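please work out how this folds:
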Amino acid sequence: MKEELLSKFVRLMNTKISASDLELISLGEKLGLNLVSFVDLRASQEEKFADTVRQKALEKLEKNQDNYLPKKDLFYAGSIDFMVCDEPDSKKFFLLETNGGSNRGLSIITEKQQSIMYDGYFEAILQALNSNKRDDKKLLILVGVPIGDGLIHEKVIMIEYFRKKLIDRNLFVGIYDINDFKPKFEEDIIFLIADYRQLSKTLSFSDNWIKIKNSNVSVLIGDGIARRIKSNDFIKLAREDFRKINSIIVNPIFRITDDKSLTYLASYYAKDILKKYNLKYLLFTKAYTESELIEKLKFIIKKYKRPFIIKPDGGSGGAGVIPIGPNEDPSNIKHLIEESKKEFFAKFMKDRNPYPYTIQEMASFNTIKWKNNGQHTYDIRLYLAQKEGKIIPIGGLARIARGSYRGTLDKQEFVVNLSGYDGQIEVERGCGFSEKNAKLLDLNIDDFVNIFCIGCTLFASMSKNYQNILNFTDWNQIIGEK
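Okay, the predicted model is just below:
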């Protein structure tokens, strides 16, 4: 991220912010961003529709407590992406990926929905306040952002929401970037914002604390930060007993949401529950090395004669996601893997490892007619948050692929990320949850209820089966075979 943008962010946050300042167009002007298209996308949300779906979903989930967390410190906020397919009896949904604390796109949901989401994050801050382990009894809340983030305005909205709630508790709040931060600060609570390049140079782990410039971090917002901590002690504790880490991570289950194969494994552990919500299962496995990835792809192509997708480790925003066709020449597989790694490193540089790769079956997905430009694939993103030990579905959007679908396996035919192409933000390819857009997507209200239920149940499964999922080792098999 350009440091001048972070400086603009901090200067804005250190002024008195009014409600009008948080209106998207005004906020964009202050940060040098054009947010007109965000306003249009938010206007496509229908509050009443989402409220109805949420209430029906919660009633359905309550029957067997499918959305209950075993403990309140496992999950705070996240999102999940689905695609849709037609089956003879009903619509089915298959899982693409989950995202943890580094949620993006929140400025396009309604203010009411944002409040539910931010209250989930705020639960982590309350937990830190109630069990403050710093010697000075102050809180340092670290917020990570991607380099070149075109959605920095969303952090303004989020942090201002937190600040107001903390000031209401008579707490003195400060906001800094990495250049202005001093480890000894006078405020009760400070928010420190830094991009991932800055964090890679200043993060450490010792004495069971995540530290920045040797200062103990109370709450870490953005699991993209956690994955950049290279300490073996941290990695071991995060896997075996995250509660021994004094810093609260949003979310501590980040290793599962980072690794798509583990996300799919979480759904597999809950398959009997998820079946009633119409989740469709796809074949998947993972590969830890290039040689293993090549051999598994050769085996899969020969045996199944259907398309698969390879996905690198961690949230990739579509970078490195490559389709492998059923008739792919085995001698070309190494070249496709090189293309995947090239995309991945172009976005994340050499400080990230794309392995282990997830291999997932490519399902037969639905398309829609989009703006008189032929048929397009799409996915559905759902945001979720914790409230009083339960996972609450909030709202979301449909994201339409950039290119029309011709069945050629060109990436632009099926990768739908609105910020996944050379840093461009293409919000005009999104549409909010509403009765009108449900018709566009050929979904009814019961379909949305199932989607909301799947999201809650899946994150609950990650939390309930955390240790079993992380300890799973039998990746020689193709999971999901009947």
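
could you count how many residues lie near the closest residue in space to residue 406 that isn't next to it in sequence?
The spatially closest residue to residue 406, leaving aside those adjacent along the chain, is residue 413, at 6.4 Å (CB to CB, 6 or more residues apart in numbering). Yep, even glycine has a C-beta here, placed from its N, CA and C like the rest. Residue 413 is surrounded by 20 other residues when neighbours are defined as other CB atoms under 10 Å.

which ones are touching residue 413?
For residue 413, the residues meeting the contact criterion (CB atoms under 8 Å, 6 or more residues apart in numbering) are 377, 401, 403-407.

and if you look at residue 284?
The contact partners of residue 284, by CB under 8 Å, 6+ apart, come to 261, 264, 358-361, 478-480.

now residue 262
So, once contact is read as CB under 8 Å, 6+ apart, residue 262 ends up touching 255-256, 469-470, 472.

could these be laid out in JSON lines, adding secondary structure?
What follows is the contacts of residue 262, written out as JSON lines (DSSP: H, G, I helix; E, B strand; the rest coil):
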{"residue": "255", "secondary structure": "helix"}
{"residue": "256", "secondary structure": "helix"}
{"residue": "469", "secondary structure": "helix"}
{"residue": "470", "secondary structure": "helix"}
{"residue": "472", "secondary structure": "coil"}
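
separation between residue 25 and residue 14?
22 Å (CB to CB, to the nearest Å).

take the contacts of residue 262 and lay them out in a markdown table including pLDDT and neighbour count.
As requested, those are arranged in a markdown table below (pLDDT from 0 to 100; neighbours: other CB atoms under 10 Å):
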| residue | pLDDT | neighbour count |
| --- | --- | --- |
| 255 | 92 | 21 |
| 256 | 94 | 24 |
| 469 | 96 | 21 |
| 470 | 95 | 16 |
| 472 | 95 | 16 |
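
before we move on, the earlier item: and the residue nearest to residue 406, how close does it get to residue 367?
Taking CB to CB as the measure, residue 413 and residue 367 are separated by 9 Å.

then residue 174?
From residue 174 over to residue 367 (counting by CB to CB), the distance is 50 Å.

what touches both of residue 413 and residue 367?
By CB under 8 Å, 6+ apart, the residues touching both residue 413 and residue 367 are 377, 405.

per-residue confidence at residue 2?
pLDDT recorded at residue 2 is 51.

still on that earlier bit, tell me the one of the contacts of residue 413 nearest residue 209?
Proximity of those to residue 209, judged by CB to CB, is greatest for residue 401, which lies at 43.2 Å.

sorry, back to before: out of the contacts of residue 284, which is most surrounded?
residue 264 (25 neighbours).

identify the residue spatially nearest to that one, adjacent ones excluded.
The spatially closest residue to residue 264, leaving aside those adjacent along the chain, is residue 284, at 4.7 Å (CB to CB, 6+ apart).

need phi/psi at that neighbour.
For residue 284, the backbone dihedrals (degrees, to the nearest 10) come out as phi -160, psi 160.

how about residue 174?
Dihedral pair for residue 174: phi -130, psi 160, per degrees, to the nearest 10.

ditto for residue 112
Here the main-chain torsion angles of residue 112 (degrees, to the nearest 10) amount to phi -60, psi -40.

with residue 34 instead?
Backbone geometry at residue 34, expressed as degrees, to the nearest 10, gives phi -100, psi 110.

so the nearest residue in space to it that is not next to it in sequence versus residue 150, what's the distance?
In space, not counting the residues next to it along the chain, residue 34 is nearest to residue 28; the distance is 5.8 Å by CB to CB, 6+ apart. In this view, residue 28 and residue 150 are 10 Å apart by CB to CB.

how about residue 276?
Applying CB to CB, the value for residue 276 to residue 150 is 39 Å.

out of these two, which sits in the busier spot?
Here residue 276 and residue 150 are compared on neighbour count by other CB under 10 Å; more neighbours surround residue 150, at 19 against 14.

so what does residue 74 have for phi and psi?
In terms of degrees, to the nearest 10, the main-chain angles of residue 74 are phi -100, psi -30.

could you do the one 5 residues further on as well?
When quoted as degrees, to the nearest 10, the phi and psi of residue 79 stand at phi -150, psi 160.

contacting residues around it?
Counting by CB under 8 Å, 6+ apart, residue 79 touches 98-99, 103, 105, 381-384, 396.

contacts for stretch 269-283, please.
Outside of stretch 269-283, the residues within contact range by CB under 8 Å, 6+ apart are 64, 66, 85, 87, 90-95, 264, 267-268, 300, 304, 308, 360-363, 447, 450, 453-454, 457-458, 460-461, 465, 468-469, 478-481.

so where do the helices sit in the stretch 1-150 of the chain?
If DSSP state H, counting those that start in this stretch is used as the criterion, the helices of the stretch 1-150 of the chain fall at 3-13, 24-31, 36-43, 47-62, 111-130.

which elements pack onto the second one?
It refers to helix 24-31. helix 3-13, helix 36-43, helix 153-167 (3 or more CB pairs under 8 Å, 6 or more residues apart in numbering; DSSP states H and E).

who's in contact with stretch 214-225?
Defining contact as CB under 8 Å, 6+ apart, one finds that stretch 214-225 is touched by 100-102, 121, 124-125, 128, 132-134, 138-146, 181, 183, 196, 199, 203-204, 209-211, 226, 246-251, 254, 257-258, 315.
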